[in-house]
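1. quick one, what's the 3D model for this:
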Amino acid sequence: MSVEDKTGPQPARPRILHLHSSFNPGGKELRCVQLINAFGPGVEHRIISAMAGAMEAMARIDPAIPILPGDDFPALQGRPTPARLLRLARAMAGHDLVLTYNFGAMDAVLAHTLFGALLNLPPLIHHEDGFNQDEAVTRKPLRNWYRRIALARAEGLVVCSTQLQAIARAEWGQPDARLHRIPNGIPTPAFALPCAPDAIPGLTKGPGDLWVGTMAGLRVVKDLPRMVRAFADLPAPWRLVIVGEGPERATILAEAARLGIADRVHLPGFASNPAAVMGLFDIFALSSQSEQFPISVVEAMAAGLPVVSPDVGDVLAMVAGDNTPFITPVGNEIEMAGALQTLAASPDLRAAVGAANRARATADYDEGAMIATYAALYGRAMGRALGAFP
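-> Coordinates of the predicted model:
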């Protein structure tokens, strides 16, 4: 008699359905990958993107993790007709938990609210991580109304920042019992390791080179031409290194050329391993018009860098006290330029602020607490544990 015969049939692995607006690498996508890898091969996942073909973050998932095909899943975008919403709801059956992300998956949330009880669907937890350019300052009333209705029967709503928590309460009418704020976390020890000078393909940091760096999708909301302008007056040997990909590449390069600094502005593309790159920077800069709890800032802090950023989302509260003078008003590139110049002029100041940031990141933003909190939340919703995790 086999071991299986003696012990009886084993319970099926939990099966989680992920519905994303996009699954190209970004903050929410990489956190999702981080959690999938942490939960291990004892959990199955099906990952759907509202944008056809936007699945590049799949490459970051551990090959040992079982990923189920999703080619036949209904489109997440379209007119929210009853027939289409019913098709979405039916496609959620057969899973133990449905996880939805940002407004691009809100039709699926509404489908679950309308038909979940009728079809005996699994619980649904929605995640909101921030906004694009069109809602950076003020949310659209129609979308607020839509979220209120769609989220009415969700098991939970997860946000990463205190600003999003306040928006969810005031604008989306979410009760505290449904609302969960879980700050992003990272493997902080990995960012304390030294980086090879040629870790970025096609770009090598030479002796004496100094880099202002950022990691961001090249999108309008990131306002990277503003960063180019704020950097422009820094002298050689300072260079600006913008790691990421996106539709704004040509606009950023054009602004660097207009200012006569094209030879000192580098856009080397996407970095698959931020921990291997972040330590090459001497100052980390952010220029976004809208953020919530940016993982890149936590990664920069863990790498021991000073951070220059507009006062968006939770950034001012995230950084160490020594770093707060370099968090500037949103949209004020003169003050941003001044912050960069102050830090660029003083290696000792950069070192002191960076050390304070590293201590803060290690104490408050390591991934262990975040993973355990998500695992407990998802496990309670399913009524079963997710298995081994840190």
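2. so for Ile182, what pLDDT did the model give?
-> Note on Ile182: pLDDT of 95.
3. next: the one 3 residues further on.
-> Per-residue confidence (pLDDT) for Gly185: 93.
4. near the residue nearest to Arg147 when sequence neighbours are not counted, how many other residues are there?
-> Setting aside the residues directly before and after it, Arg147 is nearest to Trp172 in space (CB to CB, 6 or more residues apart in numbering), at 4.6 Å. Where you see a C-beta, it was placed from the backbone N, CA and C, and this is true even at glycine. Residues near Trp172, counting by other CB atoms under 10 Å, number 21.
5. which SS class is Trp172?
-> The three-state assignment at Trp172 reads coil, by DSSP: H, G, I helix; E, B strand; the rest coil.
6. so who does it touch?
-> Residues counted as contacts of Trp172 (CB atoms under 8 Å, 6 or more residues apart in numbering) are Asn144, Arg147, Arg148, Leu151, Leu157.
7. which residue ranges of the protein form helices?
-> In the chain, the helices defined using DSSP state H lie at 3-7, 27-39, 82-92, 106-119, 141-150, 162-170, 188-191, 224-231, 249-258, 295-302, 315-318, 333-344, 347-364, 367-382.
8. could you list the low-pLDDT ranges of the stretch 51-200 of the chain?
-> 133, 136 (pLDDT under 70).
9. go ahead and confirm Ile283 touches Gly213.
-> Yes - Ile283 lies in contact with Gly213 (CB atoms under 8 Å); the separation is 7.3 Å.
10. which ones are touching Ala232?
-> So Ala232 contacts Leu259, Ile261, Ala337 (CB under 8 Å, 6+ apart).
11. pLDDT at the first one, what is it?
-> By that I understand Leu259. For Leu259, the pLDDT comes out at 97.
12. what's the answer for the last one, then?
-> pLDDT, Ala337: 98.
13. contacting residues for it?
-> Taking CB under 8 Å, 6+ apart, one finds Arg229, Ala230, Phe231, Ala232, Asp233 in contact with Ala337.
14. most neighbours of all those residues, which one?
-> Top of these by neighbour count (other CB under 10 Å): Phe231, with 28 neighbours.
15. could you check how far that one is from Gly354?
-> Separation of Phe231 from Gly354 (CB to CB, to the nearest Å) stands at 19 Å.
16. go on, Ser346?
-> For Ser346 relative to Gly354 (CB to CB), the value is 12 Å.
17. go on, Gly244?
-> 22 Å.
18. same check on Ala89?
-> Taken as CB to CB, the span from Ala89 to Gly354 is 50 Å.
19. for Gln289, same thing?
-> For Gln289, the distance to Gly354 - CB to CB - is 26 Å.
20. Asn332 now?
-> 23 Å.
21. please apply the same query to Arg219.
-> From Arg219 to Gly354 the distance is 27 Å (CB to CB).
22. same thing with Ile295?
-> Computed as CB to CB, the Ile295 to Gly354 distance reads 18 Å.
23. Pro14 too?
-> 41 Å.
24. would you confirm that Val228 contacts Ala256?
-> Yes - with contact defined as CB under 8 Å, Val228 counts as touching Ala256 (5.2 Å).
25. give the residues shared as contacts by the two.
-> Here Val228 and Ala256 share the contacting residues Leu240, Val265, scored by CB under 8 Å, 6+ apart.
26. care to break the chain down by domain?
-> As given by automatic domain parsing, the domain ranges for the chain are 3-185+367-382, 188-364.
27. so which of those is the most surrounded?
-> Greatest average neighbour count among the domains of the chain goes to domain 188-364 (a mean of 19), per mean count of other CB atoms under 10 Å.
28. and it, end to end?
-> 10 Å (CA to CA, to the nearest Å).
29. got it, and stretch 217-232?
-> End-to-end for stretch 217-232, by CA to CA: 21 Å.
30. how much space separates Pro122 from Pro74?
-> Taken as CB to CB, the span from Pro122 to Pro74 is 17 Å.
31. likewise Ala257?
-> 45 Å.
32. hmm, back to that, from the contacts of Trp172, which two are the most distant?
-> Asn144 and Leu157 (13.6 Å; CB to CB).
33. name the nearest residue to Ala117, sequence neighbours excluded.
-> Leaving aside its sequence neighbours, Ala117 sits nearest to Arg153 (CB to CB, 6+ apart; 7.9 Å).
34. what's near enough to touch that neighbour?
-> Arg153 neighbours (CB under 8 Å, 6+ apart): His112, Thr113, Gly116, Ala117.
35. one more time with 10 Å, if that's ok
-> Shown in contact with Arg153 (CB atoms under 10 Å, 6 or more residues apart in numbering): Val109, Leu110, His112, Thr113, Leu114, Gly116, Ala117, Leu121, Pro123, Leu124, Arg178.
36. surely the fifth one and Thr81 touch.
-> The reference is to Leu114. No - contact between Leu114 and Thr81 fails when scored by CB atoms under 10 Å: they sit 11.6 Å apart.
37. any idea how far Ala271 is from Arg153?
-> Taking CB to CB, one finds Ala271 at 40 Å from Arg153.
38. do the same with Ser287
-> Counting by CB to CB - Ser287 and Arg153 are separated by 39 Å.
39. check Thr204 too.
-> Counting by CB to CB - Thr204 and Arg153 are separated by 54 Å.
40. so who does the residue lying closest to Arg249 once chain neighbours are set aside touch?
-> Among residues not flanking Arg249 along the chain, Leu218 sits closest, at 5.1 Å (CB to CB, 6+ apart). By CB under 10 Å, 6+ apart, the contact set of Leu218 is 224, 242-252, 267, 269-270.
41. quick one: residues contacting Leu124.
-> Contacts of Leu124 (CB under 10 Å, 6+ apart): 17, 19, 92, 95, 97-100, 108-109, 111-113, 116, 150-151, 153-156, 381.
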